[in-house]
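Student: Based on what follows, work out the 3D shape:
(one chain, ligands or ions: 1)
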Amino acid sequence: MKNVLILSASPRKEGNSDILCDAFMKGASESGNNVEKISLYDRNINFCRACYSCFKTGKCVLQDDMAEILDKMQRSDVIVVATPTYFLTMNGMLKTVIDRFLPKWQDLGGHDIFLIITGHDEKRGLELVGQELTTVFKNLGNEIKGIIWGEGVWQKGEVIGTRAMKEAYDSGLNV
Ligand SMILES: Cc1cc2nc3c(=O)[nH]c(=O)nc-3n(C[C@H](O)[C@H](O)[C@H](O)COP(=O)(O)O)c2cc1C
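Tutor: Here you go, the predicted model:
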């Protein structure tokens, strides 16, 4: 049994990336893993202030939900990171969370990572997001196990019935 943490960055509940997260979650739960999904917009997460206090204390000065998320990341075997594409890159919610990795950046390696990326464009237009997130998580010492591309989807729910749904479910089943 593995601990699987899903970080869902879209503001849209039941939007395309959130639906793919749920398909992944269904597969991973059915194969007996312990799965938790965090909808990042539901949490209180502020911007990094670049005060570097964390370099001295190991802790962030901001008293919000990020410490709990970092703790959960460290205790997970598998981390799923899901974002819609906004102006060719990850959305601001996810970038804000990544900047807040700073206090623990040396202790966030050793995980299997799956990326879920959605956008109205075809895969070619979403690839920058995959490259950026791959670089960030590899540099932290993780392995990218798969990228699920929810391409060509705009309105909420359009991803239902696409190949990405099966890929998300199968990836979860086989974590
Ligand atoms: C601010 C904003 C910028 C966007 N920029 C892009 C883009 O550059 N490329 C793209 O393919 N889709 C873009 N989209 C469309 C979303 O990525 C698309 O609707 C996606 O399905 C949203 O995922 P979600 O349902 O998980 O929120 C943009 C949407 C918003 C709101």
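
Student: who touches stretch 39-58?
Tutor: Outside stretch 39-58, the residues that touch it by C-beta atoms under 8 Å, 6 or more residues apart in numbering are 7-11, 13, 18, 59-62, 64-66, 69, 93-94, 96-97, 99-100, 102-104. In this view, the C-beta of every residue, glycine as well, is placed from N, C-alpha and C.

Student: tell me which residues of that stretch are tucked away?
Tutor: In terms of neighbour count (16 or more other C-beta atoms under 10 Å), stretch 39-58 has its buried residues at 39, 40, 45, 48, 54.

Student: Just the closest of those residues to residue 84, please.
Tutor: Proximity of these to residue 84 (C-beta to C-beta) peaks at residue 40, which lies at 11.9 Å.

Student: Within the sheet, what are the partner strands of the helix or strand harbouring residue 6, with directions?
Tutor: Under the criterion DSSP states H and E, the helix or strand holding residue 6 is strand 3-8. Using DSSP bridges, strand 3-8 pairs in its sheet with strand 34-39 (parallel), strand 78-84 (parallel).

Student: At the contact with the ligand, which residues of this protein appear?
Tutor: Applying C-beta under 6 Å from any ligand atom, one finds that the chain approaches the ligand through 10, 12, 15-18, 84-88, 118-121, 125-126, 153-154, 156.

Student: Just the ones of these in helices?
Tutor: Among these, the residues falling in helices (DSSP state H) are 16, 17, 18, 125, 126.

Student: out of everything not next to it in sequence, what's closest to residue 15?
Tutor: Distances taken as C-beta to C-beta, 6 or more residues apart in numbering put residue 156 closest to residue 15, at 5.0 Å, once the chain neighbours are dropped.

Student: No further questions, thank you.
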